[in-house]
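Asks: pasting the structure only:
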């Protein structure tokens, strides 16, 4: 069940938080040895929290729709009582671990059941999920393939039923890429809407956001975690209303700009075919859809400058003698970052400002921009990219996600179907800054009327495979 469905079932006494938590733990027991999505599972703590939630539901004192929902957290988020190891041998702090990050604190207060922490590449540095410390995380749709990254453990857990939803981080696509590869929903909100603490190593590129089974669930989860926190100097102020309110209003009359490639990408044919079909669905729902001309040149050089500088800053906290334990390519990124001058970094920031202005002007004419989330589908696990040429610079194979970290706009990946080989494809919806509700509304309209659901398709795929095996 989705989180929204679980909350309804709790209210109707059709199931309980304890039953839902046991089901999630059973799925972890069954599937995680193969998928490797977790670095920590706290079954006893989860069942205690579920029992407390169940008592609240039985007393009519539940804390909202997140109360009792089995939840996972990416292992870049501080979580009280659990280590935050960041996928690296360099992190050797024995604890205690006394502090929750803002998102985890909000989830705990809302009564969510915390199951455990999910995998990330070292310090979340790349677009797939593997590390020397924790090994390779695999895709539930096909364990030979990657779930993407860097929130690949979170997306794999949600896709496999090992928890209902998760919190991921996104510095260049790290929520949306794994959502696209695993048939889940991933949302990067407007920068500052979800507080960042500790601050992301990549400065204003860094965001936190939901990975869920539905757009409605993403809105419910965003209502929980989108609140200011004094530990984040760039957090936005308290906002009125709910992201769920108005999400069912439909999209008739909205203006959508569609770009299959932003003018510089190159898509797998089936990705473009499925995204084009999804755009037709949006038009059929009453939106005014226009294919648009390129908006900007590929900003990958500026992004790489900022990304590598962020990695260098992260690694300077660790003894130089320990850095030999790191992924060699990560060390190359750090070396490039150390060579970056302040002037070069400010030049990259100027590119961000120009992109932001271009997109602000675009949104004077269009409510949202629609693109593929990623030009390709999941590729073999253990690789840094779909081809050797794209493996050294991970951003080269995800050209449609990182520009919107640079502009700090809300961007959603929603599943839009399966290729003929049975792999998910994502549709990206991008909105003007502070128009998160509109982005969610477009995604919700699509998922309700497209006739495609990641939950039902996953069940159908599993049933087909069981039949083939028998």
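Replies: Done, it's in. Computed from a predicted model, the values in this text were never measured in an experiment.
Asks: which stretches of the stretch 351-470 of the chain form strands?
Replies: 368-372, 411-418, 424-431 (DSSP state E, counting those that start in this stretch).
Asks: who are the packing partners of the last one?
Replies: Put plainly, it is strand 424-431. Contact analysis of strand 424-431 by 3 or more CB pairs under 8 Å, 6 or more residues apart in numbering; DSSP states H and E lists helix 176-182, helix 269-284, strand 368-372, strand 411-418, helix 436-449 as its packing neighbours. Any C-beta I mention is one placed from the backbone N, CA and C, and that applies to glycine too.
Asks: among the strands of the stretch 351-470 of the chain, which comes closest to residue 184?
Replies: strand 411-418 (7.1 Å; CB to CB).
Asks: which residues in the stretch 151-300 of the chain form helices?
Replies: In the stretch 151-300 of the chain, the helices defined using DSSP state H, counting those that start in this stretch lie at 152-159, 176-182, 215-225, 269-284, 300-315.
Asks: export the ones you listed to a markdown table and tack on mean pLDDT, distance to residue 325 and mean neighbour count?
Replies: Rendered in a markdown table, the data for the helices of the stretch 151-300 of the chain read as follows (pLDDT from 0 to 100; distance: least, CB to CB, whole Å; neighbours: other CB atoms under 10 Å):
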| stretch | mean pLDDT | distance to residue 325 | mean neighbour count |
| --- | --- | --- | --- |
| helix 152-159 | 98 | 21 | 35 |
| helix 176-182 | 98 | 25 | 35 |
| helix 215-225 | 98 | 33 | 26 |
| helix 269-284 | 98 | 37 | 18 |
| helix 300-315 | 97 | 11 | 22 |
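Asks: now these as CSV including distance to residue 412?
Replies: Below are these laid out as CSV (distance: least, CB to CB, whole Å):
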stretch, distance to residue 412
helix 152-159, 14
helix 176-182, 8
helix 215-225, 7
helix 269-284, 12
helix 300-315, 20
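Asks: among the ones you listed, which is nearest residue 382?
Replies: helix 152-159 (12.1 Å).
Asks: now the angle from the closest one to helix 215-225?
Replies: Angle, helix 152-159 to helix 215-225, by axes from the mean of the first three to the mean of the last three CA atoms, to 10 degrees: 120 degrees.
Asks: and the angle from helix 152-159 to strand 424-431?
Replies: Orientation check (the same axes, to 10 degrees): helix 152-159 against strand 424-431 gives 110 degrees.
Asks: what is helix 152-159 packed up against?
Replies: strand 38-41, strand 70-74, strand 113-118, strand 165-170, helix 176-182, strand 207-212.
Asks: distance from the chain centre to that helix, please.
Replies: 9 Å (CA atoms, centre = their mean, to the nearest Å).
Asks: looking at the strands of the stretch 351-470 of the chain, which is nearest to residue 267?
Replies: Using CB to CB, those put strand 368-372 closest to residue 267, at 5.9 Å.
Asks: sheet partners, orientation included, of the closest one?
Replies: Sheet pairing here is set by DSSP bridges, and for strand 368-372 it gives strand 255-258 (parallel), strand 424-431 (antiparallel).
Asks: deepest in the core, which of these is it.
Replies: Of the strands paired with strand 368-372, the one with the most neighbours on average (mean count of other CB atoms under 10 Å) is strand 424-431, at a mean of 28.
Asks: report the angle between the axes of that strand and helix 436-449?
Replies: 150 degrees.
Asks: distance between strand 424-431 and the chain's centre?
Replies: Counting by CA atoms, centre = their mean, strand 424-431 comes out at 12 Å from the chain centroid.
Asks: what mean pLDDT does that strand get?
Replies: The average pLDDT for strand 424-431 rounds to 98.
Asks: what angle separates it from strand 411-418?
Replies: 150 degrees.
Asks: ok so, going back, so which of the strands paired with strand 368-372 is nearest residue 387?
Replies: strand 424-431 (18.4 Å).
Asks: quick check: angle from that closest one to helix 269-284?
Replies: Angle, strand 424-431 to helix 269-284, by the same axes, to 10 degrees: 50 degrees.
Asks: list the contacts of residue 344.
Replies: residue 305 (CB atoms under 8 Å, 6 or more residues apart in numbering).
Asks: so it, which state does it fall into?
Replies: Judged by DSSP: H, G, I helix; E, B strand; the rest coil, the three-state class of residue 344 is helix.
Asks: ok, now which ones touch residue 155?
Replies: 147, 148, 166, 168, 178, 179, 181, 182, 184, 186, 211.
Asks: next one: residue 92 from residue 405, what distance?
Replies: 30 Å (CB to CB, to the nearest Å).
Asks: more crowded one of these two?
Replies: Legend: neighbour count by other CB atoms under 10 Å for residue 92 and residue 405, higher for residue 405 (27 against 10).
Asks: out of everything not next to it in sequence, what's closest to that one?
Replies: residue 205 (4.5 Å; CB to CB, 6 or more residues apart in numbering).
Asks: now do the phi/psi pair for the nearest residue to residue 222 once chain neighbours are set aside.
Replies: Excluding its sequence neighbours, the residue lying closest to residue 222 (CB to CB, 6+ apart) is residue 243, at 4.8 Å. Listed backbone geometry of residue 243 is phi -70, psi -20, with angles given as degrees, to the nearest 10.
Asks: just for the stretch 251-400 of the chain, where's the confidence low?
Replies: Judged against pLDDT under 70, the stretch 251-400 of the chain has no low-scoring part.
Asks: so residue 103, which state does it fall into?
Replies: helix.
Asks: so what's the residue count around it?
Replies: 29.
Asks: swap in residue 384?
Replies: 21.
Asks: mind checking how far it is from residue 156?
Replies: Applying CB to CB, the value for residue 384 to residue 156 is 18 Å.
Asks: hey, what's the closest residue in space to residue 439 that isn't next to it in sequence bridged with?
Replies: By the measure of CB to CB, 6+ apart, the closest residue to residue 439 outside its immediate chain neighbours is residue 431, 3.9 Å from it. Beta bridges link residue 431 to residue 368, judged by DSSP bridges.
Asks: can you tell me which residues contact residue 431?
Replies: Contacts of residue 431 (CB under 8 Å, 6+ apart): 363, 367, 368, 369, 409, 410, 411, 438, 439, 442.
Asks: redo the residues you listed as a markdown table? Include distance to residue 216 and neighbour count.
Replies: Listed next are these as a markdown table, based on distance: CB to CB, whole Å; neighbours: other CB atoms under 10 Å:
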| residue | distance to residue 216 | neighbour count |
| --- | --- | --- |
| 363 | 24 | 20 |
| 367 | 20 | 21 |
| 368 | 18 | 29 |
| 369 | 22 | 25 |
| 409 | 21 | 27 |
| 410 | 16 | 27 |
| 411 | 18 | 32 |
| 438 | 15 | 21 |
| 439 | 13 | 29 |
| 442 | 13 | 28 |
